[in-house]
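S.K.: I would like the atomic coordinates for the input below:
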Amino acid sequence: MFASEGRKKALTVVLMVAPFVIVYLIVFAYPVYKMFALSFTNAPLIGDGQWVGFDNYIKLFSQKLFYTSMWNTGYFVLLSAVPNTLIGLALALMVVRLEGRLQSLVLVLFFIPYILPVSVVTTIWKWVLDQQFGIAQNVIQLFTGHPVSVFRDPIWAMPMVAFVTIWWTNGFNLLLFIAALKNIPKDYYEAAALDGASRLQAFRRITWPLIWPVTTLVLTLQLILQLKIFDQIYLLTEGGPFNSTYVLLLLVYREGFRLSHGGAASAIAVILFLIIVAASVLQYQLLRVRRAS
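M.R.: Have a look, this model is predicted:
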């Protein structure tokens, strides 16, 4: 009897877990395996190729464009990941003080860009930053003294792509931080006020430690998302000018879809995959150590 009940429970567990396992194997595990396998072949975009060992990796590490793409990807992450997190936190600290419909309205206004397609976002900012009639050129002229074609200038291009990305995606970070801040009991702040703590002291001793897990999550998500930058670059600059915004996924697109080098594209994708895994694990562990200390 007990054995029969045990088998029923085991069967129930298997039936509940099986759909997830099947989807995981089909959608994630098999494509990752195929990516690694193709990276050791000379396969075209569609179809299998012959085994070439590490030739794709050797050729890749001899290309100047690969190192340029690596540098540009890291530069973009530096310009976007941490600033996006800090801006989201700063906005959340201000918005959480609002109440009722006003808070809801402000949240909606900040979140609307996040639900827009990337094509719409890039079209908007191409118009806003246009050298001839863009309304943002008045602000740019305060710093430069003259209009600038920001997406055709090697100095301005990557920072402006990062700016557009932050504007587009920050609403999601804002919601995460708002949820974290609302979960902090108000009693903590009332007790701190009775002890004479200032707002800065309350933030350092109460708010910051309690929202640190969410901060860790946001930073990790931002790191992963920004390492995979492609859409904004492709639509705003196409990797130019002078390859100043050429990133790793754009190199994958070039090798795979333009040159039909599926094996070489897979090798680049493998390297990017390993970078994302290593950077994410390292960052998460460092943030956990920071929280524990």
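S.K.: just the pLDDT at residue 2, thanks.
M.R.: The confidence metric pLDDT takes the value 48 at residue 2.
S.K.: ah, wrong one, I meant residue 293
M.R.: For residue 293, pLDDT reads 57.
S.K.: now swap in residue 101 and tell me
M.R.: What the model reports for residue 101 is a pLDDT of 87.
S.K.: how about the CA coordinates for stretch 179-196, as PDB?
M.R.: The C-alpha coordinates for stretch 179-196 follow below in PDB (Å, rounded to 0.1, in the frame of the first residue of the first chain):
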ATOM      1  CA  ALA A 179       8.300  47.000  -5.200                       C
ATOM      2  CA  ALA A 180      11.400  46.500  -3.000                       C
ATOM      3  CA  LEU A 181      10.900  49.900  -1.300                       C
ATOM      4  CA  LYS A 182       7.200  49.300  -0.600                       C
ATOM      5  CA  ASN A 183       8.100  46.000   1.100                       C
ATOM      6  CA  ILE A 184      10.200  47.800   3.800                       C
ATOM      7  CA  PRO A 185       8.000  48.200   7.000                       C
ATOM      8  CA  LYS A 186       7.300  51.900   7.800                       C
ATOM      9  CA  ASP A 187       8.000  51.000  11.500                       C
ATOM     10  CA  TYR A 188      11.700  50.900  10.800                       C
ATOM     11  CA  TYR A 189      11.700  54.500   9.600                       C
ATOM     12  CA  GLU A 190       9.500  55.700  12.400                       C
ATOM     13  CA  ALA A 191      11.900  54.100  14.900                       C
ATOM     14  CA  ALA A 192      14.900  55.700  13.200                       C
ATOM     15  CA  ALA A 193      13.200  59.100  13.300                       C
ATOM     16  CA  LEU A 194      12.600  58.700  17.000                       C
ATOM     17  CA  ASP A 195      16.300  58.000  17.400                       C
ATOM     18  CA  GLY A 196      17.100  61.200  15.600                       C
END
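S.K.: show me what the mean pLDDT comes to for it.
M.R.: On average, stretch 179-196 scores 87.
S.K.: repeat that for stretch 21-35.
M.R.: Per-residue pLDDT values over stretch 21-35 give a mean of 88.
S.K.: check stretch 74-84 too.
M.R.: For stretch 74-84, the mean confidence score works out to 94.
S.K.: buried residues in it?
M.R.: Residues of stretch 74-84 classed as buried by neighbour count (16 or more other CB atoms under 10 Å): 74-77, 79-81, 83-84. For every residue, glycine as well, the C-beta is placed using N, CA and C.
S.K.: what do you get for stretch 104-120?
M.R.: 107, 110, 113-114, 118.
S.K.: and for stretch 198-207?
M.R.: For stretch 198-207, by 16+ other CB under 10 Å, it's 202-203, 206-207.
S.K.: distance from the chain centre to it, please.
M.R.: 29 Å (CA atoms, centre = their mean, to the nearest Å).
S.K.: CA atoms of that stretch as CSV?
M.R.: Output in CSV follows, covering the C-alpha atoms of stretch 198-207 (Å, rounded to 0.1, in the frame of the first residue of the first chain):
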residue,chain,number,x,y,z
SER,A,198,18.6,61.8,9.3
ARG,A,199,17.3,60.8,5.9
LEU,A,200,20.7,59.9,4.7
GLN,A,201,21.4,57.8,7.8
ALA,A,202,18.0,56.0,7.3
PHE,A,203,18.9,55.3,3.7
ARG,A,204,22.3,53.9,4.6
ARG,A,205,21.2,51.8,7.6
ILE,A,206,17.7,50.7,6.6
THR,A,207,16.9,51.2,2.9
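S.K.: nearest to residue 96, of the buried residues of stretch 198-207?
M.R.: Of all these, residue 96 sits closest to residue 207, with 9.9 Å by CB to CB.
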